[in-house]
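**Q** model this:
(one chain, ligands or ions: 1)
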Amino acid sequence: MTLTRRHTLKLGLGTVASIGVSAGCSPHGKQHLQALDNPNQDFTVTGKGSLKQRAAAKGLLYGAAGNYPTLSEDAQFAALFAQECGILVPENEMKWSFLRPTPDTFDFTQADWLAKFARSHNMLLRGHTLVWHQQLPDWFNEVVNQQNAEQIFVKHIETVVKHYAGQMHSWDVVNEGIAGAYNTGRSDRLYDTPWLRFLGKDYIDLAFRVAAAADSKAMLVYNDFALDYDIPRHNDSKAAVLKLLEYLKAKGTPIHALGIQAHLNGSETQFNPNQLRQFLRDVASMGLKILITELDVEDKNLPAAISIRDRRVASVYKDYLSVVLDEPAVIAVLTWGLSDRYTWLSQFNPRPDKLPVRPLPFDANFNRKLAWNAIAQAFDHAPKR
Ligand code: XIL
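**A** Below you'll find the model as predicted:
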């Protein structure tokens, strides 16, 4: 069963409305949740390597989303980030609401700071995101119309991609074009966004073409969520994503990879390894790479006891990663944050009992959790690329 949460909150320069988060609720209550716990799992890890080192040993990349306020102000966190991550993706700073103070100007200050932080710590950099219907600037709805939409769209992509040309490992060119198949008015299940309304379905193809012309080196990614579980909405979403990717490949769109957000849910039981493997194989068979771009494990509906919660979160990481890392087309894993001290879930999916959420590999004091061990183990067991 899946709950759809609609959030509206004011956020720095922009407004985020209705971000869909898969929040599989607990149909059988407390007992069902306790039954998810398996105290006998072995999360032992050998050796001293960081997550990035363990990933690199298998030809994989590990990294995380990081943001300007925390990395620039919390030196201990910045050091941990540099130690563990081989790739950084700005959590917010390359979104329209941050880059576009006015229709005629660009402000790269915070995004550039993060690019420099990555460079100075020998990390690769991912861009997130050129096209999305969330975190648009306040002026967007007043300014953008049928007449100027294409020009504004193209100019944004061109300017931003050129600004980082040669520095980007990969770009999330279009984010959430299907958006969990939430509004299903169309047979292709494309989400009703301003870009779809003004430019039609081929806004996606156009975005990739403009990005490719502006940077011939970056890997160009289509990124989406709700692709993880064997539940109706995720299955609709997987089918729609496959159709979209086939459509783009047939058109000759310069798309190189699928980004799977993988915002997982600690209390969701409908994880179907074979079905997920098949989905990954279908994507790979189109000649596309796969990146796990925003991995975290929501603990909102898990029991309060930290030992049980951490064990369940860790086993979700382990089960998920052991499946996806078996697929050779998967080249990178990024968590959406690194430490529970800084996670979007404390705002977007808080626990009803108000206890701090624990979705990430490090706790709020920067100690490794079982989740760290689970990720380390998954890299250690992954076949070499
Ligand atoms: C989230 C950020 O983590 C928050 O700080 C921000 O307030 C809202 O956006 N899918 C995405 C990300 O593609 O950009 C979102 O990031 C999380 C869901």
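
**Q** Show me the helices in the stretch 101-250 of the chain, by range?
**A** Taking DSSP state H, counting those that start in this stretch as the test, the helices found in the stretch 101-250 of the chain are 109-120, 140-143, 149-163, 194-199, 203-214, 232-251.

**Q** Pairing partners for residue 292 in the sheet, please.
**A** residue 260, residue 333 (DSSP bridges).

**Q** got a markdown table for the helices of the stretch 101-250 of the chain, with distance to the ligand and mean pLDDT too?
**A** For glycine as for every other residue, the C-beta is placed from the backbone atoms N, C-alpha and C. Formatted as a markdown table, those follow (distance: least, C-beta to the nearest ligand atom, whole Å; pLDDT from 0 to 100):
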| stretch | distance to the ligand | mean pLDDT |
| --- | --- | --- |
| helix 109-120 | 13 | 98 |
| helix 140-143 | 16 | 98 |
| helix 149-163 | 15 | 98 |
| helix 194-199 | 15 | 98 |
| helix 203-214 | 15 | 99 |
| helix 232-251 | 14 | 97 |
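
**Q** Could you single out the most deeply buried of the ones you listed?
**A** helix 203-214 (a mean of 21; mean count of other C-beta atoms under 10 Å).

**Q** what's the spacing between that one and its chain's center?
**A** 20 Å (C-alpha atoms, centre = their mean, to the nearest Å).

**Q** wait, isn't residue 82 in contact with residue 123?
**A** Yes. Assessed by C-beta atoms under 8 Å, residue 82 is found in contact with residue 123 at 7.2 Å.

**Q** Could you check which of these two is surrounded by more residues?
**A** The neighbour count for residue 82 versus residue 123, taken as other C-beta atoms under 10 Å, is higher for residue 123 (24 against 20).

**Q** State the distance from that one to the ligand.
**A** Per C-beta to the nearest ligand atom, to the nearest Å, residue 123 is found 19 Å from the ligand.

**Q** That residue and residue 83 touch, don't they?
**A** No. Counting by C-beta under 8 Å, no contact exists between residue 123 and residue 83, whose distance comes to 10.7 Å.

**Q** got a list of what the residue nearest the centre of the chain touches?
**A** Using C-alpha atoms, centre = their mean, the residue of the chain that lies closest to the mean C-alpha position is residue 294, 2.5 Å off. Neighbouring residues of residue 294 by C-beta atoms under 8 Å, 6 or more residues apart in numbering: 65, 225, 259, 261, 262, 263, 334, 335, 336.

**Q** Counting neighbours, which of these comes out on top?
**A** Ranked by neighbours (other C-beta under 10 Å), the contacts of residue 294 are led by residue 259, which has 30 neighbours.

**Q** Mind putting the helices of the stretch 101-250 of the chain into JSON lines with distance to residue 378?
**A** Shown next, in JSON lines, are the helices of the stretch 101-250 of the chain (distance: least, C-beta to C-beta, whole Å):
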{"stretch": "helix 109-120", "distance to residue 378": "24"}
{"stretch": "helix 140-143", "distance to residue 378": "40"}
{"stretch": "helix 149-163", "distance to residue 378": "32"}
{"stretch": "helix 194-199", "distance to residue 378": "36"}
{"stretch": "helix 203-214", "distance to residue 378": "31"}
{"stretch": "helix 232-251", "distance to residue 378": "21"}
